[in-house]
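[1] Structure of the sequence below:
(one chain, ligands or ions: 1)
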Amino acid sequence: MQKEVGALTREEAGAELAFLARRLQELDEAYHTADAPLVSDAEYDTLRRRNEAIEARFPDLIQKNSPSFRVGGKLAAGFKKVKHSIPMLSLSNVFSKEEVIDFVDRIKRFLGLPAEAQIEFVAEPKIDGLSFSAVYKNGVFVQGATRGDGSVGEDITENLKTISQLPKRLQKDGDLFAPMPSFLDVRGEVYMSKADFLVLNEQQKESHKKEFANPRNAAAGSLRQLDASITAERRLSLFAYAVGRMSGVSFQTHWEFLQALKKWGFPVNPLIRKCQNVDEMLSFFEELTEKRASLPYDIDGIVYKVNDFALQERLGFITRSPRWATAHKFPAEKAITRLNKIRVQVGRTGALTPVADVEPVNVGGVIVRHATLHNADEIERKDIREGDTVVIQRAGDVIPQIVSVDLSKRSLDSQPFIFPSRCPVCGAHVERTEEDAITYCTAGLSCPAQVVEGLKHFVSKNALDIDGLGDKNIEQFFEWGWVKNPVDLFYLEEKYGPLLRQENGWGNKSADNLFEAINHVRQGVDLDRFIFALGIREVGEMTARLLARQFGSWDALMKAMQAEEATELLMHIEGVGPVMAMHIVDFFKEPDNVVLLHQLTTLIPIHPYQTIVQNQTPLTGKTVVFTGTLTTLTRAEAKQKAISMGAKVAGSVSTKTDYVIAGEEAGSKLKKATALGIQVLSEEEFHQMLDLS
Ligand code: IVH
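    I've put the predicted structure just below:
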């Protein structure tokens with residue numbers, strides 16, 4: 001059982017924060033970069049909240065790489081990178097009436113308003129798509145970008161141009177003298193309608209291509225195409241709902257801005273509504289919960305936004321999301337079905353993962369056939385057995401889960417599930433790790449399942465991204481004995497003739513495409529992707545990036561890993577722990593791997609790692625202390641502003657303090673600052689500093 005946050009020791013909290021940082025990074029990246037979520041939204045939110053709760057209790061343990069500081073995923077290689085005019089942030093989530101009330105109360109407190117004060121909100125459907133930014137200069141669309149990591153996105157200008165709903169030029173709506181922005185960065189969501197999604201999947205199926213799991217993934221896969229002509233073939237739609245930087249015009253409220261967007265030619269969701277209080281917000285939520293299934297596009301909740309722009313400005317941001325908005329998410333959808341069989345799959349690292357095959361059932365519009373069972377403990381804890389009647393849950397677009405078993409329907413001869421004590425694929429003995437309750441096959445690369453899964457991972461989207469080499473192809477090539485390791489892929493072309501002669505349909509064109517995709521990799525890959533592709537145990541995308549950042553080049557990494565002090569060198573990297581270091585060193589020590597790596601890096605040039613420089617402000621990295629009464633800002637707002645400029649805010653003055661910002665009637669802290677010779681700023685000077693950023 002997981003401990004309550006209140007019961008955690010400092011040590012446990014530190015360890016768990018490090019774990020959560022890693023896990024959430026992995027999940028974020030799967031969601032945003034690979035368009036393939038690993039867990040349900042509900043599970044993700046639970047982790048995120050636990051992280052927040054632990055951070056709130058142990059603020060000094062907050063990790064540098066805390067998920068709270070991050071939005072979205074890694075950038076896919078291949079797209080030009082674009083810096084956003086202002087960051088594209090994410091939204092906090094709430095799930096209950098109480099939390100909505102809390103959200104509104106918190107806003108009032110922050111603004112120093114009484115509880116009975118009224119704040120107007122705009123409630124909007126939360127579109128389940130892919131966010132975009134579209135920049136207009138003097139009314140002309142000049143640049144489109146994805147959210148990327150929040151500060152830097154991918155240049156999708158050409159792709160966005162293919163969406164007919166996006167105005168290429170701002171319209172004047174008959175009023176020639178209407179004020180027009182000289183610069184406008186519009187934010188919104190690109191999505192695929194439910195109907196267009198079904199048509200697309202039908203086409204994918206006919207042309208033997210992989211079907212998309214849901215409209216969101218289809219939209220993401222269609223928009224983020226290096227070849228915009230593919231985007232043009234897909235039917236994408238969009239809604240505009242927010243603003244980045246804007247000059248030349250101004251609005252008092254979000255609502256007015258949305259009306260202007262309509263005039264300029266953007267689709268704005270027709271269901272948006274102004275709400276004067278929590279009751280109105282909640283009844284809108286109820287209404288949309290009812291309507292949801294009949295809408296032509298997927299929504300996953302409601303977004304509430306403070307309507308007044310001046311208040312939004314004062315409220316500012318909390319690390320990754322605005323304080324003036326939140327997303328009220330719909331609960332996960334559930335259904336009852338029969339669990340037919342529990343299968344145990346063997347993954348790339350040898351992990352044995354149980355999967356439930358269930359009687360196909362419609363869960364909120366999606367036919368579900370399989371559910372994840374996580375590990376042996378989960379099956380035991382929930383006492384899940386073959387033949388059981390189970391409640392299955394699907395949230396968002398991820399692998400469904402089994403919530404509970406209906407014991408009253410269990411047959412008398414039902415037997416508990418016995419987790420295999422040998423690898424179901426190769427028969428080798430298995431080992432169970434203490435820390436994560438996962439059972440591993442011990443055969444390593446002599447287990448065919450591990451080889452095949454490793455190959456699938458090697459070519460997967462976030463790794464080497466060899467398009468056209470699907471899971472089924474890999475299995476087939478392995479079975480034919482053509483590909484036994486990643487190097488073999490690069491000699492696969494020798495099988496061109498035999499490939500065409502195979503029964504199950506490779507034509508010249510598909511074979512050419514495949515070899516072109518493989519050969520494309522010979523032009524080079526980024527260091528972090530390459531490290532990730534190797535499939536080293538415990539090394540997800542984030543760790544791969546940490547290693548790439550630390551060593552910079554492949555040669556430097558190899559040299560370090562062959563050095564005697566390899567483990568220490570790894571442990572110096574923030575975010576790399578002893579277990580991970582051990583797996584990495586083991587991997588690079590293994591003689592077979594050394595040979596393979598040498599061959600691979602002769603075939604593929606590895607690009608050195610490139611870093612993106614963050615924005616600097618006069619307060620970046622500085623420690624500031626506030627004292628006295630501020631007249632133009634509440635203390636919370638002032639702190640918020642300082643933090644958003646990269647400062648650390650401390651409660652007391654010490655030699656480590658860089659600035660003391662003194663309001664009226666400042667007392668002992670001001671004295672101490674003067675005594676220590678620390679620079680003191682007036683409230684006005686603080687404002688000037690803010691303006692500089
Ligand atoms: S406003 C700074 N409004 O939800 C606030 N977001 O989980 C920016 N989304 O990244 C977001 N519908 O991709 C906003 N009506 C809506 C939305 C919406 C969908 C997405 C958006 C955002 C994500 C946050």
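[2] Summarise which helices and strands the strand or helix carrying residue 343 is packed against.
    With secondary structure defined by DSSP states H and E, residue 343 is part of strand 333-346. Judged by 3 or more Cβ pairs under 8 Å, 6 or more residues apart in numbering; DSSP states H and E, strand 333-346 is in contact with strand 352-363, strand 389-394, helix 448-459. Using the backbone N, CA and C atoms, a C-beta is placed for each residue, glycine as well.
[3] Return the list of strands paired to it, each annotated with direction.
    Applying DSSP bridges, strand 333-346 is found paired with strand 352-363 (antiparallel), strand 389-394 (antiparallel).
[4] Pull out the buried positions in stretch 566-577.
    566-567, 569-570, 573, 575-577 (16 or more other Cβ atoms under 10 Å).
[5] Could you save those residues as CSV and add columns showing pLDDT?
    As requested, the buried residues of stretch 566-577 are exported to CSV (pLDDT from 0 to 100):
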residue, pLDDT
566, 93
567, 94
569, 89
570, 92
573, 80
575, 75
576, 84
577, 85
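[6] Same list, the helices and strands packed on strand 333-346, but as CSV with distance to the ligand and mean neighbour count please.
    Listed next are the helices and strands packed on strand 333-346 as CSV, based on distance: least, Cβ to the nearest ligand atom, whole Å; neighbours: other Cβ atoms under 10 Å:
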stretch, distance to the ligand, mean neighbour count
strand 352-363, 22, 17
strand 389-394, 19, 21
helix 448-459, 28, 22
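[7] which residues sit in contact with the residue in the stretch 51-200 of the chain that the ligand sits nearest to?
    Closest contact between the stretch 51-200 of the chain and the ligand, by Cβ to the nearest ligand atom, is at residue 131 (3.2 Å). Neighbouring residues of residue 131 by Cβ atoms under 8 Å, 6 or more residues apart in numbering: 88, 146-147, 187-190.
[8] Of those residues, keep whichever come out buried.
    Counted by 16+ other Cβ under 10 Å, the contacts of residue 131 give 88, 146-147, 187-190 as buried.
[9] Please, which helix or strand holds residue 190?
    Per DSSP H and E, residue 190 falls inside strand 183-191.
[10] Helices along the stretch 451-600 of the chain, start to end?
    Counting by DSSP state H, counting those that start in this stretch, one finds helices in the stretch 451-600 of the chain at the ranges 471-479, 486-489, 496-501, 508-521, 527-533, 541-551, 554-562, 566-571, 578-589, 591-603.
[11] Quick one: closest of the ones you listed to residue 253.
    Of all the helices of the stretch 451-600 of the chain, helix 541-551 sits nearest to residue 253, with 39.7 Å by Cβ to Cβ.
[12] now the closest one, how far from the centre of its chain.
    Distance of helix 541-551 from the chain centroid (Cα atoms, centre = their mean, to the nearest Å) equals 18 Å.
[13] That helix - contacts with which helices or strands?
    Where contact means 3+ Cβ pairs under 8 Å, 6+ apart, helix 541-551 is packed against helix 10-32, helix 527-533, helix 554-562.
[14] Point out the most buried one among the ones you listed.
    With neighbours defined by mean count of other Cβ atoms under 10 Å, none of those is more surrounded on average than helix 527-533, at a mean of 25.
[15] Format the helices and strands packed on helix 541-551 as TSV; extra columns: mean pLDDT.
    Supplementary listing: the helices and strands packed on helix 541-551 in TSV, determined by pLDDT from 0 to 100:
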stretch	mean pLDDT
helix 10-32	82
helix 527-533	95
helix 554-562	95
